[in-house]
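Chemist: predicted model follows, preceded by the sequence.
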Amino acid sequence: MLIRRFLNRFKRQESPQDRDDLGILGILVFENTSEVIQAERVLKNGGWPIRVMGPPPGIQSGCDLVIEFPLMEELHLTRLLTDAGIPPLEVVPVNDPLLKPVDLFHTKDFGRYLMVRAANMKLTVDKETLVIVNVSGGGCPDVPYLAGLMVGQTLSNTPRPGIMGHTLCGYALKLALEEIERQCLP
Amino acid sequence: MSVTIDARGLSCPQPVLMTMDEIKGGSEKEIKVLVDSEASKENVSRAAVSQGCKVVDIAQDGEEYTISLARD
């Protein structure tokens, strides 16, 4: 199953030390991936220390990504998200380990071209012109749409898959774009 | 004159990159690209169009596709 394979790439638990830094953690559960992506954008723009994670095994509802946040900020964050029109389905204290995206990126240098794979998505750019020459991978219905928008565009001009995408593949493509920008842009 | 790129058996993005190299470095008016997956067919076509080429024809033979491209 595509979602299960995607989440299997996240299999490393955070160290207790990292988790202690933010105090008691909670997770925000949403109805679909599109809402998770929107909520991440809203909360990161607000400077909140949140991360998109794979959910613990006990969470059966909602989509297959959740947002981890400091539980003491629950009121602020749920109000902010409700005002933005994306209230979470559930707010759950973290009792089980979350699945963290880790070792997520694989970079392959083809000489003139550089490919970054994030989970199940691959993004390839021309290193000289910074034009995106290929988007592949995944199996989500919005991948051809995203590829159509992005191929032929430069890194600085491309539509953002984090805004245009609505699926796990869209989210992975967002990560790939951010990583390739980190490697290619000054 | 035409040039043929045999990208069968290769996974993305390699068929795209071979096509891009020919589009940028070659001089033939017509480029034929052989691929053996639907995804490669879509990706090669999309990349070629983004580089100003025209997809003249896509012929399917079983699981294999021959994509005919023309430079504008």
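Modeler: Structure received. Residues are numbered from 1 along each chain as shown, chains lettered A, B, ... in the order given.

Chemist: okay, which residue of chain B is out on the far edge from center?
Modeler: residue B:62 (17.2 Å; CA atoms, centre = their mean).

Chemist: what about residue A:81, distance to residue B:1?
Modeler: Distance, residue A:81 to residue B:1, by CB to CB, to the nearest Å: 60 Å. No exception for glycine: its C-beta is placed from N, CA and C like everyone else's.

Chemist: so what's residue 43 closest to, chain neighbours aside?
Modeler: Going with chain A. residue A:50 (4.8 Å; CB to CB, 6 or more residues apart in numbering or on different chains).

Chemist: sorry, should have said chain B
Modeler: residue B:16 (5.1 Å).

Chemist: my guess is that neighbour contacts residue A:131. True?
Modeler: No. Residue B:16 lies out of contact with residue A:131 (CB atoms under 8 Å); the separation is 12.0 Å.

Chemist: who's in contact with the residue nearest to residue B:43?
Modeler: Neighbouring residues of residue B:16 by CB atoms under 8 Å, 6 or more residues apart in numbering or on different chains: A:124, A:133, A:134, A:136, B:40, B:43, B:44, B:47.

Chemist: helix or strand for it, which one?
Modeler: helix B:14-25 (DSSP states H and E).

Chemist: SS state for the closest residue to chain B within chain A?
Modeler: Chain A approaches chain B most closely through residue A:152 (2.7 Å), counting by CB to the nearest CB. Assigned with DSSP: H, G, I helix; E, B strand; the rest coil, residue A:152 falls in the coil class.

Chemist: next, count neighbours for it.
Modeler: Number of residues near residue A:152 (other CB atoms under 10 Å in any protein chain shown) recorded here: 19.

Chemist: next one: residue B:54
Modeler: Neighbour tally, residue B:54, other CB under 10 Å: 11.

Chemist: same question for residue A:180.
Modeler: Each residue near residue A:180 was counted by other CB under 10 Å, and the total is 22.

Chemist: next structured bit after the helix holding residue B:16?
Modeler: Next element after helix B:14-25 (DSSP H and E): strand B:30-35.

Chemist: if you count neighbours, what's buried in that following strand?
Modeler: By neighbour count on 16 or more other CB atoms under 10 Å in any protein chain shown, the buried set for strand B:30-35 is B:31, B:32, B:33, B:34, B:35.

Chemist: which residue sits closest to the closest residue to chain A within chain B in space, ignoring its chain neighbours?
Modeler: Chain A sits closest to residue B:50 of chain B, with a gap of 2.7 Å, by CB to the nearest CB. Counting by CB to CB, 6+ apart, residue B:50 lies nearest to residue A:152, which is 2.7 Å off, once chain neighbours are set aside.
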